[in-house]
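Enquirer: What follows is a protein structure lacking sequence information:
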């Protein structure tokens, strides 16, 4: 495969800083038996816990892309016949339905307008109407990346916990770029990944598990029907110095350096940078006469925009890569042929990169217009 010659302005994977990629040139030894690695792993988990407010909840790093975390959470909490609430205002939100059903869960989907943040008042009414339904847990996506919508996870989770429902939150595309407080908000299982705001390479799932979730896992009537997705194998892996499988030591060392980059900048400054660049991106797009897909609930990490009249999505996408060497993000499902996305998360959320990208997009639209003439 040829070396990529384009800048990834996609909503993950993101650009990776040179000092992080450089770690892959080093030799780190054997992650199965090196006692120093277990200590290193444990310290990194605590660093990640500081980023998303998990002092009580246990942070775990697993080998596998972010979807592994979603699958693992559903495998861990679901037994046949369990009633599960899937809260959705987007493609990834409703995607939890299939994951839960794979493990025998009975799913109820609560869905609101996909063009804005989740309707919390409607959810409150729904929960009151179904207070005796017996939901074991609920799933919700923090940033539904295909549309770029950001949900108020704090209020949603507090609402769910007040009714005795456990919470599973996909914050893969949000945490680090916006505030997350797992302990304070009552998140039982939080899901993250290395290749988004953290700006490390793809391949690591990051999870945080509360005491409530661990208790539910330990009290299962049936074993978790998976090995790779068996969360129970991870609870004491550092103390016992035994991982379920060989860990990708180079990926974890690189992730540690990416996390150190964030701490060096300052976590509050990182979040502030994301919000400023997101606003800058949306403003510039509208100045170009481009419509944003959402009506509200904009994420600080990704923006979806509509294809201007008279243009084709594929033409814009291809021209940006071939002429300007910038890759934008396509979308999925019903949005696949309607929007393109700019990822302003992690190392992508830099003014020099965003300004260059938006100038290239303006040139692309003008150049395509000239070609049509």
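Expert: Sure, I can see it. Since we're looking at a predicted model, the values are computed, not measured.
Enquirer: residues touching the residue nearest to residue 53 when sequence neighbours are not counted, list them.
Expert: The spatially closest residue to residue 53, leaving aside those adjacent along the chain, is residue 181, at 3.5 Å (CB to CB, 6 or more residues apart in numbering). Where you see a C-beta, it was placed from the backbone N, CA and C, and this is true even at glycine. By CB atoms under 8 Å, 6 or more residues apart in numbering, the contact set of residue 181 is 52, 53, 154.
Enquirer: wait, what's in contact with the second one?
Expert: If I follow you right, that is residue 53. 180, 181, 182, 183, 184, 185.
Enquirer: Repeat the analysis, applying 6 Å as the threshold.
Expert: Contacts of residue 53 were listed using CB atoms under 6 Å, 6 or more residues apart in numbering, and they are 180, 181, 182, 183.
Enquirer: For the first one, the count of nearby residues, please.
Expert: The burial metric for residue 180, expressed as a neighbour count using other CB atoms under 10 Å, is 24.
Enquirer: what sits against it?
Expert: Counting by CB under 6 Å, 6+ apart, the residues that residue 180 touches are 52, 53, 171.
Enquirer: From the residues you listed, pick the one nearest residue 37.
Expert: Distance to residue 37 across those (CB to CB) is lowest for residue 52, with 23.0 Å.
Enquirer: My guess is the closest one contacts residue 174. True?
Expert: No: with contact defined as CB atoms under 6 Å, residue 52 does not count as touching residue 174 (9.5 Å).
Enquirer: Between those two, tell me which one has more neighbours.
Expert: residue 174 (29 against 25).
Enquirer: hang on, isn't that one packed against residue 143?
Expert: Yes: counting by CB under 6 Å, residue 143 is a contact partner of residue 174 at 4.0 Å.
Enquirer: Residues that sit against both of those two, list them.
Expert: With CB under 6 Å, 6+ apart, residue 174 and residue 143 have no common neighbours.
Enquirer: Where does residue 281 sit: helix, strand or coil?
Expert: When classified by DSSP: H, G, I helix; E, B strand; the rest coil, residue 281 comes out as helix.
Enquirer: my guess is it meets residue 303, correct?
Expert: Yes: the pair residue 281 and residue 303 passes the contact test of CB under 6 Å, sitting 5.2 Å apart.
Enquirer: which neighbours do these two share?
Expert: residue 342.
Enquirer: on that earlier part again, where's the residue nearest to residue 53 relative to residue 322, distance?
Expert: 43 Å (CB to CB, to the nearest Å).
Enquirer: re the thing from before, quick one: which of the contacts of residue 181 sit in strands?
Expert: The strands, defined by DSSP state E, take in nothing from these.
Enquirer: Just name the closest of those to residue 342, please.
Expert: Closest to residue 342 out of the contacts of residue 181 is residue 52 (24.0 Å), distances taken as CB to CB.
Enquirer: where exactly do the helices run in the chain?
Expert: Using DSSP state H, the helices of the chain run over 18-21, 35-51, 67-77, 91-102, 120-129, 153-162, 182-185, 211-218, 237-240, 249-265, 267-287, 313-324, 351-372.
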